[in-house]
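Student: Build me a model from this:
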Amino acid sequence: MSHPNLTVVDHPLVQHKLTIMRDRTTSTAGFRRLLREISLLLAYEVTRELELTTVPIETPMGPMDAPLLEGKKLALISILRAGNGLLDGILELIPAARVGFIGLYRDPETLQPVQYYSKVPNLLGDRMVIVVDPMLATGNSSVAAIDLLKAQGARNLRFLCLLAAPEGVARMAAAHPDVPVFTAALDERLDDHGYIVPGLGDAGDRIFGTK
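Tutor: Down below sits the predicted model:
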């Protein structure tokens, strides 16, 4: 099945690190370190279309017109709590980015998202907005987060995740066909509880050492 809005970042380093993260024997500390490293690699791809301008500078050898990012600082929006694991690594690459948080939890019966928190940067319509969450499973939470951001003016959106399920990608494409999805892997399916298979378990639990 084709997913025209999906980009799978298949760089060998991304795939290598992801395999170690999937392994159930990988420690919490190791999982966190690998997630930070892989988020840097994913961030290169998701920011490929940032706009540039040129500015005159003086190098030690003389003057030149050099490229520099143009426009408002981009916004990174973490879907709590697991999104923070990706956020930390991306901020190492883009430390000037504005940061927002959307708190959503999945009702275990309906699998529908319930919002409990939202704090996002201003002027979202003037920024590239990158929403981060390690898992795109049912897609319900991701769609709800983007609904909220669009209602607050965001127009130039990207969604970045570590793993995606076909069901979640299809749900995102149906609800927000204008939002590209970037991931390290498209897995097989969801199980009866809405978890990605083969996946890597609960990303939040593995990042924070909880169960």
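
Student: which parts of the longest helix anywhere in the chain are buried?
Tutor: Determined from DSSP state H, the single longest helix within the chain is helix 28-46. For helix 28-46, burial by neighbour count (16 or more other C-beta atoms under 10 Å) applies to 31-36, 38-43, 45-46. Yep, even glycine has a C-beta here, placed from its N, CA and C like the rest.

Student: Mind checking the pLDDT average for it?
Tutor: Averaged across helix 28-46, pLDDT comes to 94.

Student: who does that helix touch, helix- and strand-wise?
Tutor: helix 12-22, helix 83-93, strand 156-160, strand 181-183, helix 203-208 (3 or more C-beta pairs under 8 Å, 6 or more residues apart in numbering; DSSP states H and E).

Student: Just send the buried residues of helix 28-46 back as a markdown table, with distance to L68 too.
Tutor: Shown next, in a markdown table, are these (distance: C-beta to C-beta, whole Å):
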| residue | distance to L68 |
| --- | --- |
| F31 | 36 |
| R32 | 33 |
| R33 | 31 |
| L34 | 32 |
| L35 | 30 |
| R36 | 26 |
| I38 | 27 |
| S39 | 24 |
| L40 | 21 |
| L41 | 23 |
| L42 | 23 |
| A43 | 18 |
| E45 | 21 |
| V46 | 19 |
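
Student: with those residues in mind, which one is nearest to M64?
Tutor: Closest to M64 out of these is A43 (26.8 Å), distances taken as C-beta to C-beta.

Student: Of the helices and strands packed on helix 28-46, which stretch is the most buried?
Tutor: Stretch with highest mean neighbour count among the helices and strands packed on helix 28-46: strand 181-183 (a mean of 25; mean count of other C-beta atoms under 10 Å).
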